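J.: This is the structure alone, sequence omitted:
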């Protein structure tokens, strides 16, 4: 059931992002990450959205916790390409 709920929140977050409701999208993606902490795509999207809101520390924090630490080179590439720093 939790996986289904995460999928619904993921779709909701995508819709909010499409509608340019960045704050709404961030809230949805936070729920996805809580329900499915190994969902790398959700973490990366959450980080990018937080960056758009100017929440740089929270953007990094979204990428530093949990299983995503195993993908440090992927995270570094993402930060350089999409967020413009490291």
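T.: Sure, I can see it. Quick caveat, the model's predicted, so the values are computed rather than measured.

J.: now for the helix ranked longest in the chain, which elements pack on it?
T.: Longest among the helix segments of the chain by residue count, using DSSP state H, is helix 2-18. Under the contact criterion of 3 or more CB pairs under 8 Å, 6 or more residues apart in numbering; DSSP states H and E, helix 2-18 touches helix 22-35, helix 40-52. The C-beta positions use only the backbone N, C-alpha and C, and glycine is treated the same way.

J.: Excluding residues flanking it in the chain, which one is nearest the most centrally placed residue in the chain?
T.: In the chain, the C-alpha nearest the mean C-alpha coordinate belongs to residue 46, at 2.1 Å (CA atoms, centre = their mean). Nearest residue to residue 46, sequence neighbours excluded (CB to CB, 6 or more residues apart in numbering): residue 29, at 3.9 Å.

J.: Do I have it right that the residue nearest to the centre of the chain meets residue 36?
T.: No - the pair residue 46 and residue 36 fails to qualify as a contact (CB atoms under 8 Å) at a distance of 11.7 Å.

J.: Does residue 54 belong to a helix, a strand or coil?
T.: Under DSSP: H, G, I helix; E, B strand; the rest coil, residue 54 falls in the coil class.

J.: so how many other residues sit close to the residue nearest to residue 46?
T.: Residue 29 has 29 neighbours, counted by other CB atoms under 10 Å.

J.: The longest helix of the chain vs helix 22-35, what angle?
T.: Computed by axes from the mean of the first three to the mean of the last three CA atoms, to 10 degrees, the angle separating helix 2-18 from helix 22-35 equals 160 degrees.

J.: Rounded mean pLDDT for helix 2-18, please.
T.: Helix 2-18 shows a mean pLDDT of 91.

J.: I'd like to check the angle between it and helix 40-52, please.
T.: 30 degrees.

J.: what residues does helix 2-18 touch?
T.: Applying CB atoms under 8 Å, 6 or more residues apart in numbering, the contact partners of helix 2-18 are 22, 24-25, 28-29, 31-32, 35-36, 39, 42, 45, 49.

J.: how about those in JSON lines, adding distance to residue 59 and pLDDT?
T.: Output for the contacts of helix 2-18, formatted as JSON lines (distance: CB to CB, whole Å; pLDDT from 0 to 100):
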{"residue": "22", "distance to residue 59": "12", "pLDDT": "97"}
{"residue": "24", "distance to residue 59": "17", "pLDDT": "97"}
{"residue": "25", "distance to residue 59": "13", "pLDDT": "97"}
{"residue": "28", "distance to residue 59": "16", "pLDDT": "97"}
{"residue": "29", "distance to residue 59": "12", "pLDDT": "96"}
{"residue": "31", "distance to residue 59": "17", "pLDDT": "96"}
{"residue": "32", "distance to residue 59": "16", "pLDDT": "93"}
{"residue": "35", "distance to residue 59": "20", "pLDDT": "90"}
{"residue": "36", "distance to residue 59": "19", "pLDDT": "88"}
{"residue": "39", "distance to residue 59": "17", "pLDDT": "88"}
{"residue": "42", "distance to residue 59": "14", "pLDDT": "92"}
{"residue": "45", "distance to residue 59": "11", "pLDDT": "95"}
{"residue": "49", "distance to residue 59": "8", "pLDDT": "97"}
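
J.: Many thanks, we can stop here.
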